[in-house]
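Asker: My questions concern the predicted model and sequence given below.
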Amino acid sequence: MTQLALRDVLSQEFVGVSESDELLDAVELMRAENTNSAVVLRGAEPVGVVTAESVMDALLDGHDPNAVTAADVMDGPPESLSLDASVADAADLMGRTGDPRVLVTDDDGVHGVVEARDVAPTVEKQLRGAPAAPSAPPTGSEQAPSADSYSEQGVCESCGGLAHELVDVNGQLLCPECQPV
């Protein structure tokens, strides 16, 4: 199974807020960006995350969204992986921690957030493409692929899956399954 690196499937955009931002402002930003979480940053360092769940908990506890800050309701920062970690590493970490998001970081800070919904299509496609049983070793008339051979595949910018044919749709390279009809 080909191991895609997080750098190959990562969207470079993520919602970031500061600890002192009012909760209502953070929620409005999350809504405008159509996401259910915002990374809370102290400078370039991630110190927590505000999620739809943490917002709901704060509201149900009677907190005024204009009177509390992101720091008041944030959860600790999600686990993080490097840009070179694989999609499988992210899926494994999500499964072990129960957190549906992983920060993608390096020495320069946060590069993005990978969520379960980003990882699932890639893992599914890789599992579908995996052989059902281990293949038999090649016989005399068959040749095994050489170690330096490669296939010409690209990464779909929508689902993150590998595809032999990608089509440019409004500036995005999409696989046949993600192309609009």
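Answerer: Yep, that arrived.
Asker: contacting residues for A90?
Answerer: Contact analysis of A90 by CB atoms under 8 Å, 6 or more residues apart in numbering lists 6, 81, 102, 114, 119. In this view, the C-beta of every residue, glycine as well, is placed from N, C-alpha and C.
Asker: Quick one: the strands in the protein, in order.
Answerer: Counting by DSSP state E, one finds strands in the chain at the ranges 16-18, 37-42, 45-51, 80-82, 101-106, 109-115, 154-155, 162-163, 167-169, 172-174.
Asker: okay if I get the ones you listed as a markdown table plus distance to A91 and mean pLDDT?
Answerer: Below are the strands of the chain laid out as a markdown table (distance: least, CB to CB, whole Å; pLDDT from 0 to 100):
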| stretch | distance to A91 | mean pLDDT |
| --- | --- | --- |
| strand 16-18 | 24 | 96 |
| strand 37-42 | 18 | 94 |
| strand 45-51 | 19 | 93 |
| strand 80-82 | 11 | 93 |
| strand 101-106 | 9 | 90 |
| strand 109-115 | 9 | 87 |
| strand 154-155 | 16 | 70 |
| strand 162-163 | 16 | 70 |
| strand 167-169 | 27 | 78 |
| strand 172-174 | 22 | 76 |
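Asker: Any chance of those in TSV with mean neighbour count as columns?
Answerer: As requested, the strands of the chain are exported to TSV (neighbours: other CB atoms under 10 Å):
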stretch	mean neighbour count
strand 16-18	19
strand 37-42	21
strand 45-51	20
strand 80-82	17
strand 101-106	20
strand 109-115	20
strand 154-155	16
strand 162-163	18
strand 167-169	12
strand 172-174	16
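Asker: Distance to G95 added to these, as CSV?
Answerer: Shown next, in CSV, are the strands of the chain (distance: least, CB to CB, whole Å):
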stretch, distance to G95
strand 16-18, 26
strand 37-42, 18
strand 45-51, 18
strand 80-82, 13
strand 101-106, 11
strand 109-115, 13
strand 154-155, 23
strand 162-163, 22
strand 167-169, 32
strand 172-174, 28
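Asker: Go through those strands and name the closest to R31.
Answerer: Smallest distance to R31 across the strands of the chain (CB to CB): 10.5 Å, for strand 37-42.
Asker: for the closest one, packing partners?
Answerer: strand 16-18, helix 23-32, strand 45-51, helix 70-73, strand 109-115 (3 or more CB pairs under 8 Å, 6 or more residues apart in numbering; DSSP states H and E).
Asker: Any chance of TSV for these, columns distance to L173?
Answerer: Below are the helices and strands packed on strand 37-42 laid out as TSV (distance: least, CB to CB, whole Å):
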stretch	distance to L173
strand 16-18	27
helix 23-32	26
strand 45-51	29
helix 70-73	35
strand 109-115	18
